[in-house]
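Student: Would you be able to build a 3D model of this:
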Amino acid sequence: MRLVSRGRNALGVVALAAVAIVALIGLASVAGIGSGDAPAVSELSADEDPFPYDPARRAEFEARAAAASAHVVFANSPGGAVATAERVARFRDQIEAAVAGSETDPDLLEAVVFLESAGRPEVIAGKDPELAAGLTQIVASTGIGLLGMHVDLERSRELTTQARRALRQGKSGKVERLLRARARVDERFDAGKALDGAVRYLGIARKRFGTDDLAIESYHMGIGNLENVIRTYTGSDGPVAGLVASDQLTYAQLFFDSSPANHPETWDLLAGFGDESSEYYWKVLASMEIMRLYREDRDELRRLERLQGAKATAEEVFHPRDATEVFDDPDQLAAGWRDGKIVPIPDGEELGLVIGDQLGELAPRLGLDRSLYRGLRPEALEVLTLMTGWVRALNDGSGTLTVTSAVRDGEYQHALGRQNPEATDAYSLHTTGWSFDVWRRYESDAQAGSFQFVLDRLQALGIIDYAVEPDAIHVTVSGETEPPGG
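Tutor: The predicted structure is shown next:
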């Protein structure tokens, strides 16, 4: 069986400046790993969450989730995050005007603009203006029915078609005139009115839910969908605002306190949104941090943009090339083993993992022992065994996952690159001992689903990032395993 993934562009982690201190607190601050508090992987039960949500540490969970969602925000920013931030910043005065007299935080609204349209008031989420459109990406039916916006959809379509034709003909002046005309008949394309509409929506949602985080989350998920999530979590059909207030619910609790074993119906709803609605609030927070960096530390934003764009994951943010030890050749890797920097991967059903034949398969051709390539950094091994043990626990204590790649040295990596198009000749995290691959072959749909959950939960906590490759899941461990103050 092959793992069904939500797509690479939904994933990523970055330790942004505003959350750097939180991110460096360490894995143990969430899970107890490395501190002796976490259960042994062989002792996990199906209903035991090694990463239980703690309302007292809401800020840390939110910061981790926001940082974990940043990669996709960087990757999907047209022209890059810096260019997108520059476009969005031009609307700051209009954003301030739109929120005046409301409870909406201008920084949050600015982040919504960043995430929704990347600062492009003319953009449509598709070809038909009936879909989400304008600076704040409002759907026509929502604009008309809920927000009282003037939307002449038929005329908007006509002008959109004419503008596209003029654009193909290279008539830029005509395009601008047509777009101005469209903004008059469809207020979603008028930047000021689109911002006003978004503020009205957030005001309605805030009255419905009572909190800013839930109001923002509903902007993409939808008010009705989020109400369903809350009702399944609380097990009550009462008024949603009352449920939120009585249980002091936050979106962080709904997200992190739900799993296949805990509030499974809620998790099924959250995981079932094909448009990745469950991650929306985290992406808004990540976008807000990008805008802060644009104003306060543009050099750092450019640095992050470069690192985020280096790979399909945020692995170079975890371990930048200029600050990470690399094993360039077999001798250096052997020294790493002797110094305890690399430790062996155990092979055992009780751990939920087996070592695949692929591990070190090129070693004999290079005159080396395969065991040289069957290890990881101790912190990476700890996370690997937690992952496989957790998946096994969620599947009634049965099943194994196959590890197909672990540490390499530069010479091995180069040899692999000559025969495998998936292996890079550039900086590879495999040559650092922080990455491993798990075979995309599963014993059941249940195992595949459990593995997807574990991957996503660890990724949302900033512990790993991962990429879906043709035959394997490529995982990089962040290295956050020091206890608080360690």
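
Student: Just give me the residue closest to the centre of this structure.
Tutor: S69 (3.1 Å; Cα atoms, centre = their mean).

Student: The residue nearest to that one when sequence neighbours are not counted: what's it in contact with?
Tutor: Nearest residue to S69, sequence neighbours excluded (Cβ to Cβ, 6 or more residues apart in numbering): W282, at 3.9 Å. Quick note: C-beta positions are derived from backbone N, CA and C, even for glycine. Neighbouring residues of W282 by Cβ atoms under 8 Å, 6 or more residues apart in numbering: 62, 65-66, 68-69, 460.

Student: Which one of these sits in the busiest neighbourhood?
Tutor: A68 (30 neighbours; other Cβ atoms under 10 Å).

Student: Was I right to think it contacts A460?
Tutor: Yes - look at A68 against A460 with Cβ atoms under 8 Å: they come within range, at 5.1 Å.

Student: Pull the number of nearby residues for P470.
Tutor: 8.

Student: What's the separation between it and I355?
Tutor: 21 Å (Cβ to Cβ, to the nearest Å).

Student: again, but for P129
Tutor: 55 Å.

Student: all helices for the stretch 301-450 of the chain, in order.
Tutor: Assignment of helices within the stretch 301-450 of the chain using DSSP state H, counting those that start in this stretch yields the ranges 315-318, 330-338, 378-394, 410-417, 445-460.

Student: Select, out of the ones you listed, the one closest to L254.
Tutor: Closest to L254 of the helices of the stretch 301-450 of the chain is helix 445-460 (Cβ to Cβ; 12.8 Å).

Student: What strand or helix carries the spatially closest residue to D275 that is not a sequence neighbour?
Tutor: Excluding its sequence neighbours, the residue lying closest to D275 (Cβ to Cβ, 6+ apart) is H220, at 7.3 Å. If you go by DSSP states H and E, H220 is part of helix 212-221.

Student: just to revisit the earlier point, got the contact list for the residue nearest to D275?
Tutor: 275, 277, 280.

Student: for those, which one is nearest P260?
Tutor: S277 (18.6 Å).

Student: Apart from its chain neighbours, what residue comes closest to that closest one?
Tutor: M221 is the one closest to S277 (Cβ to Cβ, 6+ apart), at 3.9 Å.

Student: what number of residues lie near that neighbour?
Tutor: So M221, with other Cβ under 10 Å, has 24 neighbours.

Student: In terms of mean pLDDT, which of the helices of the stretch 301-450 of the chain ranks lowest?
Tutor: Out of the helices of the stretch 301-450 of the chain, helix 410-417 stands lowest, with a mean of 91 (criterion: mean pLDDT).

Student: buried residues in that helix?
Tutor: Neighbour-count burial for helix 410-417 flags 410-413, 415-416 (criterion: 16 or more other Cβ atoms under 10 Å).

Student: can you list the residues that contact it?
Tutor: 326-330, 362-363, 365-366, 368, 373, 408, 423-425, 428, 430-431.

Student: contacting residues around Q447?
Tutor: 1, 391, 395, 399, 401.

Student: What residues of the helix or strand where A163 lies count as buried?
Tutor: Taking DSSP H and E as the criterion, A163 maps to helix 153-168. By neighbour count with 16+ other Cβ under 10 Å, helix 153-168 contains the buried residues 153, 156-160, 162-163, 166.

Student: swap in stretch 243-250?
Tutor: Result for stretch 243-250 [16+ other Cβ under 10 Å]: buried residues 243-244, 249-250.

Student: on that earlier part again, roughly how far does the residue nearest to D275 sit from D465?
Tutor: 22 Å.

Student: related to what we said a few turns ago, quick one: distance of the helix holding A163 to the chain centre.
Tutor: Here helix 153-168 shows a centroid-to-chain-centroid distance of 35 Å under the convention Cα atoms, centre = their mean, to the nearest Å.

Student: ok, now stretch 365-372?
Tutor: Counting by Cα atoms, centre = their mean, stretch 365-372 comes out at 37 Å from the chain centroid.

Student: Would you map the strands across this structure?
Tutor: Counting by DSSP state E, residue ranges of the strands within the chain are 343-344, 353-355, 375-376, 401-405, 435-439, 464-468, 472-477.

Student: got the ones you listed as JSON lines, with distance to E122 and mean pLDDT columns?
Tutor: Below are the strands of the chain laid out as JSON lines (distance: least, Cβ to Cβ, whole Å; pLDDT from 0 to 100):
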{"stretch": "strand 343-344", "distance to E122": "55", "mean pLDDT": "97"}
{"stretch": "strand 353-355", "distance to E122": "51", "mean pLDDT": "95"}
{"stretch": "strand 375-376", "distance to E122": "49", "mean pLDDT": "98"}
{"stretch": "strand 401-405", "distance to E122": "45", "mean pLDDT": "97"}
{"stretch": "strand 435-439", "distance to E122": "41", "mean pLDDT": "98"}
{"stretch": "strand 464-468", "distance to E122": "33", "mean pLDDT": "97"}
{"stretch": "strand 472-477", "distance to E122": "37", "mean pLDDT": "97"}
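
Student: For A85, find the nearest of these.
Tutor: strand 464-468 (22.6 Å).

Student: Thought R182 was touching S156, still the case?
Tutor: Yes - counting by Cβ under 8 Å, R182 is a contact partner of S156 at 5.7 Å.

Student: Quickly list what's touching both of those two.
Tutor: Common neighbours of S156 and R182 (Cβ under 8 Å, 6+ apart) are F189.

Student: doesn't A393 make contact with S45?
Tutor: Yes - if you go by Cβ under 8 Å, S45 and A393 touch, sitting 5.9 Å apart.

Student: Of these two, give the one with the bigger neighbour count.
Tutor: Neighbours per residue, other Cβ under 10 Å: of S45 and A393, the larger number sits with A393, 24 against 11.

Student: Please, where are all the helices along the stretch 51-200 of the chain?
Tutor: Using DSSP H, counting those that start in this stretch, helices in the stretch 51-200 of the chain cover 58-68, 70-75, 81-89, 92-99, 106-117, 140-145, 153-168, 172-185, 191-209.

Student: possible to save the ones you listed as a markdown table with mean pLDDT and distance to R441?
Tutor: What follows is the helices of the stretch 51-200 of the chain, written out as a markdown table (pLDDT from 0 to 100; distance: least, Cβ to Cβ, whole Å):
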| stretch | mean pLDDT | distance to R441 |
| --- | --- | --- |
| helix 58-68 | 96 | 27 |
| helix 70-75 | 97 | 26 |
| helix 81-89 | 98 | 36 |
| helix 92-99 | 98 | 49 |
| helix 106-117 | 98 | 36 |
| helix 140-145 | 97 | 43 |
| helix 153-168 | 97 | 46 |
| helix 172-185 | 97 | 51 |
| helix 191-209 | 98 | 43 |
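
Student: Reformat those as a markdown table; add distance to E443.
Tutor: Shown next, in a markdown table, are the helices of the stretch 51-200 of the chain (distance: least, Cβ to Cβ, whole Å):
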| stretch | distance to E443 |
| --- | --- |
| helix 58-68 | 28 |
| helix 70-75 | 30 |
| helix 81-89 | 41 |
| helix 92-99 | 51 |
| helix 106-117 | 38 |
| helix 140-145 | 44 |
| helix 153-168 | 50 |
| helix 172-185 | 54 |
| helix 191-209 | 41 |
